[in-house]
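**Student:** Sequence isn't available, so here's the structure alone:
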């Protein structure tokens, strides 16, 4: 049996913010023993509160959610927390110096075969493993927030990541119901966040220049691009947009117009005026509901969309 064919049973989650707590809930729902480590003084209260809040969504996804805390432990000392782990899912702040120090400590405190995976949103594994003697068992395992709900995990190698590490990471994420995808090479921001950033940059430009309101822009995305790209990515979409001639026909006949638009896209920055404009419109659009109410509505709609796609396939 290769390592990638094993079933993992013991995970350490290092960093208990929004992402770490969500990972912990998902791992527990799939029967894993989870040790959560974070220096925050309210660690146990915060994580158990998050488990309670996330349980309805987890239950809707299918895995059993009874007695989740029976396999949950807390250990503020990171070395003790990871000593027996088969997998470490690091979810600390995206601070390069902090991660470099942390991964050097993880290397020293874990067993040689332990997978070391980072939830970083954009720092390259090559950079945050710079203080490790052997970074071969490290990869980025970047989820889309919230990890317990959105299927994709981008697995991104560093320059020294071993091929077996990538396959083992993919096997681990499949074990907990995720849809892992291994990138061919690392790039800052990875793929999903770079795409998201490209769209959001133009969204900020269109709102701050008065073309459309923040609320109306959200409606435009959720009633057009969002729905269409949930059924087929941009390349499949434009393949179909080319008619019987397909993608090549699309590029030859509609590509020049799109290329001209590329030159006209905005390049906003988050200066004080931009932040004030966006924040005011956000409060006007969504300020009548609490964070929890907005999150529950998002999860409800996301679950419905995912169920519809599963049933269609």
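**Tutor:** Sure thing, it's come through. The shown structure was predicted, so the numbers you read here are calculated from the model rather than taken from an experiment. Residues are numbered from 1 along each chain as shown.
**Student:** Next one: residue 308 from residue 236, what distance?
**Tutor:** 18 Å (CB to CB, to the nearest Å). Backbone N, C-alpha and C define where each C-beta goes, glycine included.
**Student:** Could you check how many residues crowd around residue 161?
**Tutor:** Residues lying near residue 161 (other CB atoms under 10 Å) number 22.
**Student:** Surely it is in a strand?
**Tutor:** No. Under DSSP: H, G, I helix; E, B strand; the rest coil, residue 161 sits outside any strand and is assigned coil.
**Student:** That one against residue 139, yeah?
**Tutor:** Yes. With contact defined as CB atoms under 8 Å, residue 161 and residue 139 form a contacting pair (5.1 Å).
**Student:** between the two, what contacts are shared?
**Tutor:** Each of residue 125 lies in contact with both residue 161 and residue 139 under the rule CB atoms under 8 Å, 6 or more residues apart in numbering.
**Student:** gap between the two ends of stretch 111-131?
**Tutor:** Here the two ends of stretch 111-131 are set 18 Å apart, with distance taken as CA to CA, to the nearest Å.
**Student:** How about stretch 232-251?
**Tutor:** One end of stretch 232-251 sits 18 Å from the other (CA to CA).
**Student:** Any idea how far that stretch is from the middle of the chain?
**Tutor:** Centroid displacement of stretch 232-251 relative to its chain, using CA atoms, centre = their mean, to the nearest Å, is 28 Å.
**Student:** Tell me which residues of that stretch come out buried.
**Tutor:** By 16 or more other CB atoms under 10 Å, the buried positions in stretch 232-251 come out as 238, 239, 242, 247, 250, 251.
**Student:** What of stretch 281-298?
**Tutor:** For stretch 281-298, burial by neighbour count (16+ other CB under 10 Å) applies to 281, 285.
**Student:** For it, what is the distance to the chain centroid?
**Tutor:** On CA atoms, centre = their mean, the centre of stretch 281-298 falls 21 Å from that of its chain.
**Student:** what about the helices in this structure?
**Tutor:** Counting by DSSP state H, the segments of the chain that form helices are 18-29, 43-61, 78-82, 96-109, 125-128, 163-175, 192-208, 214-220, 226-231, 234-241, 246-262, 272-286, 291-312.
**Student:** what would those helices look like in a markdown table with distance to residue 69?
**Tutor:** Rendered in a markdown table, the data for the helices of the chain read as follows (distance: least, CB to CB, whole Å):
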| stretch | distance to residue 69 |
| --- | --- |
| helix 18-29 | 8 |
| helix 43-61 | 6 |
| helix 78-82 | 17 |
| helix 96-109 | 25 |
| helix 125-128 | 31 |
| helix 163-175 | 21 |
| helix 192-208 | 31 |
| helix 214-220 | 36 |
| helix 226-231 | 34 |
| helix 234-241 | 42 |
| helix 246-262 | 51 |
| helix 272-286 | 32 |
| helix 291-312 | 21 |
